Structure formats: C-alpha cells, structure tokens
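**Student:** show me the folded form of this:
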Amino acid sequence: MRDSQPLENGMLSNKIQTAINQQINEELFSAYVYLAMAAEADRLGLPGFSNWFKMQYQEELGHADRFFNYVLERDAQVELLPINQPEINDESALTLFEKALNHERHITQCISGLKDLAKSESDHATDVFLEWFVNEQVEEEANAQQVIDQLRLVDGNPNGLFMIDRELATRTAAPDA
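**Tutor:** Numbers count the residues shown, from 1 in each chain. Okay, the predicted model is just below:
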C-alpha cells in the first residue's frame with residue numbers, strides 16, 4: 001500500500017495520520033509554551049498577563065484534544081510524541097507577546113501544510129475538519145497582535161502596563177465552538 005493512499009474503511013492515509021499526530025504534538029507544545037509564559041508573567045508581577053497565558057494554555061489543550069479525537073474517529077492510530085522544553089526566560093511583557101505571535105504564525109503554517117496535504121490526498125473530511133483551525137489561527141494571531149499594539153502604545157509606561165494587565169485579567173475560558 002502506498003503512503004498516500006487512504007487505508008481501508010475510510011481511515012486516514014499514513015501521511016495524514018503521521019501529520020496529524022505531529023500536529024497533536026505541536027498543540028501540546030503550544031500549551032507548554034503558554035504555561036511557561038504564564039509562569040514568566042507571574043514572575044514579572046503581571047497576574048493579568050499570567051491569566052491570559054493560562055487561558056491560552058487551556059485553549060491549546062483543547063486544540064490537541066480535537067485532533068486526538070479526530071484521529072480516533074477516523075479509526076486511525078494516535079502516536080504521542082515527546083514534547084520539547086519551551087525557551088522562555090527573562091522576558092518582558094512585550095517580548096512574551098512577540099514570542100506568542102511568532103509561535104502562532106508557526107502554528108498557522110502547520111495548519112496550512114495540513115490543509116494542503118489533505119487536498120493533495122483528496123481527503124475531503126480532513127480538509128473540512130481543518131477549516132475550524134484555519135479560522136481559529138486568524139483569531140489567535142489577531143489577539144496576540146492586539147496586545148502587542150497596546151504594549152507598544154504604552155511604551156513601557158507602568159500605568160499603561162497596569163491598565164493592560166487589568167484588562168487581560170478579565171479573560172475567561174472561551175466556550176468550545
């Protein structure tokens with residue numbers, strides 16, 4: 001059987017199964033990154049920023065779970081891969097969000113690659129499944145950019161940073177769409 005051919009009974013092709021298992025790892029690593037960012041924000045005395053990153057951590061776990069369940073629904077095999085250690089240390093609020101934006105851009109590229117693979121494999125179910133993630137990534141990047149823009153506006157002013165921190169403290173877990 002060729003790697004690109006779907007398995008019997010509508011299962012995922014080997015290529016797509018491998019790629020989605022890699023995406024599960026990416027999402028779990030994302031959660032790990034955001035948890036490290038929450039700890040760093042807490043160290044900086046920014047509980048609102050820490051809250052924002054903790055909410056993001058929970059979201060990323062939810063994304064990993066969506067992929068995990070999808071693989072199982074398609075009667076394919078989940079393979080959990082090792083999770084790398086995030087590199088977060090001695091950051092500022094601005095650099096944390098710049099790293100978050102860069103990380104989200106990386107995840108967007110991963111999702112786009114999965115979409116391209118699903119199309120090349122004529123896996124319409126996976127292609128449709130991935131649409132939610134495409135839209136989610138637009139939102140993820142915009143949210144990080146919005147905070148970066150605010151941080152640049154206050155330009156290190158402690159009062160401005162305090163106001164942003166208070167705003168970020170109000171973030172609650174988003175309902176699963």
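**Student:** please enumerate the helices of the protein.
**Tutor:** 14-43, 47-73, 93-120, 124-154, 158-168 (DSSP state H).
**Student:** which among these is found nearest to Asn84?
**Tutor:** Checking the helices of the chain against Asn84 by CB to CB gives helix 14-43 as the closest, at 5.9 Å. Where C-beta positions appear, they are placed from N, C-alpha and C, glycine not excepted.
**Student:** next one: stretch 18-36 to chain centre, how far?
**Tutor:** Put simply, stretch 18-36 sits 7 Å off its chain's centre (CA atoms, centre = their mean, to the nearest Å).
**Student:** list of residues touching that stretch?
**Tutor:** 12, 53-54, 56-58, 60-61, 63-64, 67-68, 70-71, 76, 78-86, 88, 99-100, 103, 107, 110-111, 113-114, 117, 126 (CB atoms under 8 Å, 6 or more residues apart in numbering).
**Student:** among the residues you listed, the buried ones, what's the PyMOL command?
**Tutor:** Selection of buried members from the contacts of stretch 18-36 for PyMOL, criterion 16 or more other CB atoms under 10 Å:
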select buried, resi 12+53+54+56+57+60+61+63+64+67+68+70+71+76+86+88+99+100+103+107+110+111+114+117+126
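**Student:** buried deepest among the helices of the chain, which one?
**Tutor:** Each of these was given a mean neighbour count from mean count of other CB atoms under 10 Å, and the largest, a mean of 21, is that of helix 14-43.
**Student:** now it: average pLDDT?
**Tutor:** Average pLDDT, helix 14-43: 98.
**Student:** from the chain's centre, how far out does that helix sit?
**Tutor:** 6 Å.
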